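give me a 3D structure for the following:
(chains A, B and C)
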Amino acid sequence: MTTAVRTSAQWSETGEIDALTFDVSGETFALDASIVREILDLLPETIVPGARPFVGALVNFRGRIIPLADMRFAFGMARTEPTIDSRIIVVEIEFAGAPCLVGLRADKVNEVRTLARDASEPPPRVGMTWRAELVDCLIKHGDAVIIFPDLQALFDASRGKPDAEIIRYPKT
Amino acid sequence: MTANILTVDDSASMRMTTRLALSGAGYAVTEAVDGLDGLEKAKTHRFDAIITDINMPRMDGLRMIEELRRLPTQLGVPIVFLTTESDADMKARAKAAGATAWLTKPFDAAQLLKLVSKVVGK
Amino acid sequence: MSTIDPIDIFRIEAGELLEQVEQGLLDLEQRLDDREQIDAVFRGLHTLKGSGAMFGFDALAAFTHHCETAFDHVRKGHVPATLELVAAVLAARDHMRALVEHPNGDYARQEVALLDQLHAAIDIGARQISPPAQTETVAPLEDAGAPARHWRIRFALPPNSLLNGVNPLTFLDDLRELGACEIQVDASAVPPLDQLDPTALHLRWTVFLEADVCRSEIEDVFLFVMDDMTLEIDDMRGPASAEPPSATDAPPALVTPTEATTPEAKSATEANGVRARRAVESVRVPADRLDELMDRVGELVIAQSRLSQIAAAVANEELRAVSEEIENLSSELRATMMVLRMVPVGTLFERFRRLARDLQHETGKQIELVTEGESTEMDKTVIERLADPLVHIVRNSADHGLETPDERVAAGKPEVGRITLAARQSGGEVIISVSDDGRGINCERVRAKAEANGLVAPGQVLSEKEALQMIFQPGFSTAAQVTNLSGRGVGMDVVKKTIESLRGAIDVESWPGEGAEIALRIPLTLAIIDGLLVRVGAGRYVIPLAAVEECLELAPEQEARSRGRSLLSLRGSLVPFLRLREIFQTGSPPDPHQKVVVISTGAERVGLVVDQIIGDHQTVIKSMSKLHEDVETFSGATILGDGGVALILDIVNLVAAGQDQEARLRAIA
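The predicted structure is shown next:
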């Protein structure tokens, strides 16, 4: 495949990266801007029973049916109600060896920023509420800390059978 | 004016290769899938050259060349036929039928273009 | 989108040529003197060799050359076609396929063996007739001569050259490319104007060439026309020309168009006319482009249905008229689109002649393969996926169904067993059946085996139909010992899975002592299905209409029953039902009047309880994202008229999942 889909931080030779930053449940995340295909207003969602909560819904993206991923499930964050700023970021990732479009739910989309590698550090082993392997790096930007998730790890982790806790049997 | 070439071959891959080479060099290309098809197309249109395979279903290249030469509109049109080295007597038979030149498979685009530009003339 | 690579097209074409060669060989095996087939096989091999060389498949071209040569001898009557030759070329054909698919493999040893077999076969044939007189004498290699500096070239072309498209100027151009030329034209033979035929060529040329070339290089310029022209090439340095003077004195040879083709060429052409129907002009399009087009058409249909909704809401006659027109056009477009993907199943059936032949050798049974309904058309993708299951079923018939010739004679049957491969269309389905006139499927043995494998409880009542369906259970095999044929790792359960993935079903019938029939019922196309649109909670789902038997309201007393016994009584029989609200965990309260959609999975009937039945819906199927591949209860999704998405239920997986859940619920309770 000639067009490698970059889903983790790919620093340029000068140690910089153009990243789209967005907010989810009070945290700021960043994505390599080159994988972003489109930013959409919220769309009607179709729940997929039996799918992992992280990719628990579908949307109709102009005639294509794409999964809608919700970072809050991966990072164990509180659910927030949609606001006027809520958006869907459509990104192209590589999954099971093929390019794949996915929507990411965001509370608010900020701008594309140039982030410097000098300001980045690997995720700490302790002190984070989420699994370190899902985070590529943390980047200090002013006072804020931006989380650069490892999308490949996120989606790969969502592969396979839904785990047991998702199926809740109604008590009789 | 763009020279218009008719290629007659039952093999889609051969037609495509020929077309890519010719259209890349600025020729207009019409395709026919066998001798009968080629003959039909030549009846209604005068081409600047015809490139044909020999072994084809329905009507083979030899028969098509013979028939073509009976058409008043196709007198003098250069006809190139494609052959393989094993066709020892094919050259003579195709020539007797009225072919102008031949090209041995495998050939590359440069060989094809050289021959076509030669038979079409400048 | 990038352009298509001719090499990919060649691969497809090579596959077709190999099929054609195989069919020709199999026909030839029946009638060894069939000229039409000899020509067809030769033509196939010839094209394969030529195109193979064009596209860099050198090993293929080189290997095919041997077979082509063999058939060239047959075609020219030097050797007769023999069963040995057909067998050798059939074996070689399989090797050619390998060379197309994996051109870089190391096949040296196989090729030696195959070529030995081929040459042995030719020798057998050659002994059958007296060796042909060696007519082709190898012309002695002419001395190309040493390079010289000064050449005089005199040439005259046949008078009809211009009519044959020969342009004399090209020869002059080519000579100029060799070196400096001084050209003289001799117009003395041009007749007076009133006698002049403007299409005839009367000019002769003399060219003095100054170049370091040898004679053969000059001859090459005239290669194609040399036999018919007068050509003198003199080395001006030497005292005399090496050319015999007679060649120069001879008048220009006339080439007249031959009047008619030779009789056999003519009959071959006429024979080819029989195949004319097949050679209707066609354009090859990669399947994924068709899929893309299908997607667009699907979207158009969706957009159109939104337009219809708006047009219905807005009281505007003009808008409504346009909307209706677009509706008609898009439905026609969709119908056309469906037809584009259709190919006759005959292309699939042809492969089975070879299988039957091989099976005959492997089993020692005599097998006659009959095919019916070859012109029945199906979606190309579906046909491709049917190939393996059908091979398995036919193998089973030959292995388990048909008896040995002795057994057949003892049973008063003809020695030759018959396997019939038939296709026909019935409504929105194509039914492909494999039937044989063998011993039939022994229901008792199937049952016993199923019990032994723990698939059925001893004493459990099974109808004959249910018992026969047991052969599709994983790991089931009725053969006392697994034979080379059927015991190849794929069982009938794999066949069943494949058919179900095509949204098809399998029927089995058996007549003890008389034979058996396995019928595959496959929807016409994969891309569009008729579905029943239902609502469960807030979600909408499509149930394939082919699986739906009936719809009814869930009676309150049945609704009130405990979950342990979710059964409803349907005309005397008890049908289990699943509450989709629970399986999908909608978390919403049920609608007051619950509906039941009774579906059949082929093996059993199950009721699906839904909140609302919205109605029939023709559905353009979109596959689920790879990220949802693990969700097996849905086979795809579709976009509804309002832009929303409905999931399409995979009936078989859903029922299996539902039963698992029921079982676990019972365990909890």
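
just the C-alphas of stretch C:586-599, formatted as PDB.
In PDB, the C-alpha atoms belonging to stretch C:586-599 read as follows (Å, rounded to 0.1, in the frame of the first residue of the first chain):
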ATOM      1  CA  THR C 586     -33.500  -1.400  23.700                       C
ATOM      2  CA  GLY C 587     -34.200  -0.500  27.200                       C
ATOM      3  CA  SER C 588     -37.600   0.900  26.100                       C
ATOM      4  CA  PRO C 589     -41.000  -0.300  27.200                       C
ATOM      5  CA  PRO C 590     -42.700  -2.500  24.600                       C
ATOM      6  CA  ASP C 591     -45.400  -1.100  22.400                       C
ATOM      7  CA  PRO C 592     -48.900  -2.100  23.600                       C
ATOM      8  CA  HIS C 593     -49.600  -4.400  20.700                       C
ATOM      9  CA  GLN C 594     -46.500  -6.500  20.000                       C
ATOM     10  CA  LYS C 595     -46.200  -8.200  16.600                       C
ATOM     11  CA  VAL C 596     -44.700 -11.500  15.700                       C
ATOM     12  CA  VAL C 597     -42.900 -12.000  12.400                       C
ATOM     13  CA  VAL C 598     -42.700 -15.800  11.800                       C
ATOM     14  CA  ILE C 599     -39.600 -16.600   9.900                       C
END
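
okay, helices next: where are they in chain B?
B:12-24, B:35-44, B:61-70, B:90-97, B:109-120 (DSSP state H).

quick check: buried residues in the helix or strand harbouring A:V102?
Applying DSSP states H and E as the criterion places A:V102 in strand A:98-106. Residues of strand A:98-106 classed as buried by neighbour count (16 or more other CB atoms under 10 Å in any protein chain shown): A:C100, A:L101, A:V102, A:G103, A:L104, A:R105, A:A106. Where you see a C-beta, it was placed from the backbone N, CA and C, and this is true even at glycine.

quick one: the helix ranked longest in chain A near chain C?
In chain A, taking DSSP H as the definition, the longest helix is helix A:151-157. Yes. Helix A:151-157 is in contact with chain C by CB under 8 Å from any CB of the partner chain, via A:F155.

what helices and strands are in contact with that helix?
In terms of contacts (3 or more CB pairs under 8 Å, 6 or more residues apart in numbering or on different chains; DSSP states H and E), helix A:151-157 is packed against helix A:71-75, strand A:87-95.

with just CA atoms, put the last one into CSV.
So the one you mean is strand A:87-95. Extracted in CSV, the C-alpha atoms of strand A:87-95 (Å, rounded to 0.1, in the frame of the first residue of the first chain):
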residue,chain,number,x,y,z
ARG,A,87,-19.3,17.5,15.8
ILE,A,88,-18.4,14.3,14.0
ILE,A,89,-14.8,14.2,12.8
VAL,A,90,-14.5,11.7,9.8
VAL,A,91,-11.1,10.2,9.7
GLU,A,92,-9.5,7.5,7.6
ILE,A,93,-7.7,4.8,9.5
GLU,A,94,-6.3,1.5,8.5
PHE,A,95,-8.1,-1.5,9.9
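
mean confidence for it?
The average pLDDT for strand A:87-95 rounds to 90.

tell me the strands beside that strand, with direction?
Strand pairing for strand A:87-95, using DSSP bridges, gives strand A:36-41 (antiparallel), strand A:98-106 (antiparallel).

to the chain's geometric centre, what's the distance from it?
8 Å (CA atoms, centre = their mean, to the nearest Å).

what's it in contact with?
A:1, A:4-5, A:7, A:20, A:22, A:31, A:35-43, A:59, A:61, A:66, A:68, A:99-106, A:108-109, A:151-152, A:155-156, C:626-627 (CB atoms under 8 Å, 6 or more residues apart in numbering or on different chains).

for chain B, give me the ranges with low pLDDT.
Along chain B, segments meeting pLDDT under 70 span B:1, B:85-88, B:122.

can you pull up the most central residue in it?
Of all residues in chain B, the one closest to the mean position by CA atoms, centre = their mean is B:I51, 1.2 Å from it.

and it, how far is that from B:D34?
Relative to B:D34, B:I51 is positioned 14 Å away (CB to CB, to the nearest Å).

what's the overlap in contacts for those two?
B:V8.

how about the nearest residue to the residue nearest the centre of chain C, chain neighbours excluded?
Nearest to the mean C-alpha position of chain C, by CA atoms, centre = their mean, lies C:T347 at 5.8 Å. Take C:T347 and drop its neighbours on the chain: the residue closest to it by CB to CB, 6 or more residues apart in numbering or on different chains is C:I383, 7.0 Å away.

which stretch of helix or strand covers that neighbour?
Using DSSP H and E, C:I383 sits within helix C:380-396.

number of nearby residues for C:D388?
13 (other CB atoms under 10 Å in any protein chain shown).

check contacts around the residue nearest to it when sequence neighbours are not counted.
Distances taken as CB to CB, 6+ apart place C:T498 nearest to C:D388, at 6.9 Å, with adjacent residues excluded. C:T498 sits next to C:R385, C:L386, C:D388, C:P389 when contact means CB under 8 Å, 6+ apart.

export those as CSV, with columns for pLDDT.
Formatted as CSV, the contacts of C:T498 follow (pLDDT from 0 to 100):
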residue, pLDDT
C:R385, 82
C:L386, 88
C:D388, 84
C:P389, 87
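
CSV for those, including distance to C:R664?
CSV is the format used below for the contacts of C:T498 (distance: CB to CB, whole Å):
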residue, distance to C:R664
C:R385, 34
C:L386, 36
C:D388, 35
C:P389, 33
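
one step back: ranking the helices of chain B by burial, who's on top?
Highest mean neighbour count of these: helix B:61-70, a mean of 23 (counted as mean count of other CB atoms under 10 Å in any protein chain shown).

before we move on, back to that, tell me which other helices or strands the host helix or strand of the residue nearest to the centre of chain C touches.
Using DSSP H and E, C:T347 falls within helix C:346-363. Secondary-structure packing of helix C:346-363 (3+ CB pairs under 8 Å, 6+ apart): helix C:6-30, strand C:367-372, helix C:380-396, strand C:417-426.

want to throw the ones you listed into TSV with distance to A:G50?
Formatted as TSV, those follow (distance: least, CB to CB, whole Å):
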stretch	distance to A:G50
helix C:6-30	38
strand C:367-372	43
helix C:380-396	25
strand C:417-426	34
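
C:I639: which of the ones you listed is closest?
Closest to C:I639 of the helices and strands packed on helix C:346-363, according to CB to CB: helix C:380-396, at 20.9 Å.

check which element follows that closest one along the chain.
Sequence order places helix C:405-410 as the next helix or strand after helix C:380-396, per DSSP H and E.

so what touches that next one?
Contacts with helix C:405-410, where a contact means CB under 8 Å, 6+ apart, come from C:K365, C:Q366, C:L402, C:P414, C:E415, C:V416, C:G417, C:R439.

neighbours of the second one, just the number please.
By other CB under 10 Å, the residues close to C:Q366 number 15.

now the closest residue to it other than its chain neighbours: how far from chain B?
Spatial nearest neighbour of C:Q366, chain neighbours left out: C:V416 (4.3 Å); criterion: CB to CB, 6+ apart. Separation of C:V416 from chain B (CB to the nearest CB, to the nearest Å): 33 Å.

against C:A356, how distant is C:V416?
C:V416 is 11 Å from C:A356, by CB to CB.

what's the answer for C:I499, then?
The value you get for C:I499 to C:A356, if CB to CB is used, is 22 Å.

any chance of the helices and strands packed on helix A:151-157 in CSV, plus mean neighbour count?
CSV is the format used below for the helices and strands packed on helix A:151-157 (neighbours: other CB atoms under 10 Å in any protein chain shown):
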stretch, mean neighbour count
helix A:71-75, 20
strand A:87-95, 21
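
so which of those gets nearest C:E84?
Among the helices and strands packed on helix A:151-157, strand A:87-95 comes nearest to C:E84, with 53.7 Å by CB to CB.

quick check: the residue of chain B nearest chain A.
B:L20 (21.6 Å; CB to the nearest CB).

residue contacts, the closest residue to that residue other than its chain neighbours?
Once flanking residues are discounted, B:L20 sits nearest to C:P6: 7.1 Å by CB to CB, 6+ apart. Residues counted as contacts of C:P6 (CB under 8 Å, 6+ apart) are B:S13, B:M16, B:T17, B:L20, C:F55.
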